[in-house]
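Enquirer: coords please:
(one chain, ligands or ions: 1)
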Amino acid sequence: MRAPLLAGSSFTAALALVALSAPGAGAAGPFTVVSERFAPASAFVPPAAVSFAPDLVPYGSTLRAVVLQVDGHTRVRLTATGLAPGHSFPAHVHTRACDAVPTASGPHYQDRVDPVQPSTDPGYANERNELHLLLSTDQDGNGEAVADVDWTFRPGEANSVVLHAGSAAGQHAAGERVACLNVPF
Ligand SMILES: [Cu+2]
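Expert: Got it, this is the predicted structure:
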């Protein structure tokens, strides 16, 4: 049943609040806003947004994440500027924060955690049990993606959004990790 998303719920009211909020407003109440510029990986001071593939995610390109968690529902909206044009980036919520190496962000966050890791069982590794987005860019390298799931994150257990290399054809198949944004879900 997806009825709780209908008008009148506090989720809908909170969505309206998010729509009115200023870009880069920071965390407040049931929603979190993170907006960062991608920088090179650094072993000394890990940036809040790191690019591992500047051909696809140029240094200085930006990613904004707006996260709303209300009434057992979560909506994540990504807005990007300056990425490679005409590319579809599969994006997921990962468990750990970004660091100098792509694997630092850990596995995908799962609502029901697969007892067998790394998780390949489609009963767990799917877009209802994990948070998946597909961020497709226009000819200027700008794009937006939204995903909804019927659960909220366990505090502290989801810490990043990872952009994977994808394709120009809108495919969901995820390649290497090309960029990582720290998001405290
Ligand atoms: Cu991923």
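
Enquirer: Please verify my assumption that Leu78 contacts Ala49.
Expert: No. With contact defined as CB atoms under 8 Å, Leu78 does not count as touching Ala49 (11.9 Å). Heads up, the C-betas are built off the backbone N, CA and C, glycines and all.

Enquirer: okay, and the common contacts of the two?
Expert: Residues touching both Leu78 and Ala49 (CB atoms under 8 Å, 6 or more residues apart in numbering) are Leu63.

Enquirer: Who has more neighbours out of the two?
Expert: Set side by side, Leu78 and Ala49 show more neighbours around Ala49, with 26 against 23, by other CB atoms under 10 Å.

Enquirer: The more buried one reaches Ala41, doesn't it?
Expert: No. Applying CB under 8 Å, one finds Ala49 not in contact with Ala41, separated by 10.7 Å.

Enquirer: Show the contacting residues for Arg128.
Expert: Counted by CB under 8 Å, 6+ apart, Arg128 has contacts Val149, Asp150.

Enquirer: switch to 10 Å and redo it
Expert: Residues in contact with Arg128 (CB atoms under 10 Å, 6 or more residues apart in numbering) are Asp111, Arg112, Val149, Asp150, Trp151.

Enquirer: among the residues you listed, which are in strands?
Expert: Using DSSP state E, the subset of those located in strands is Val149.
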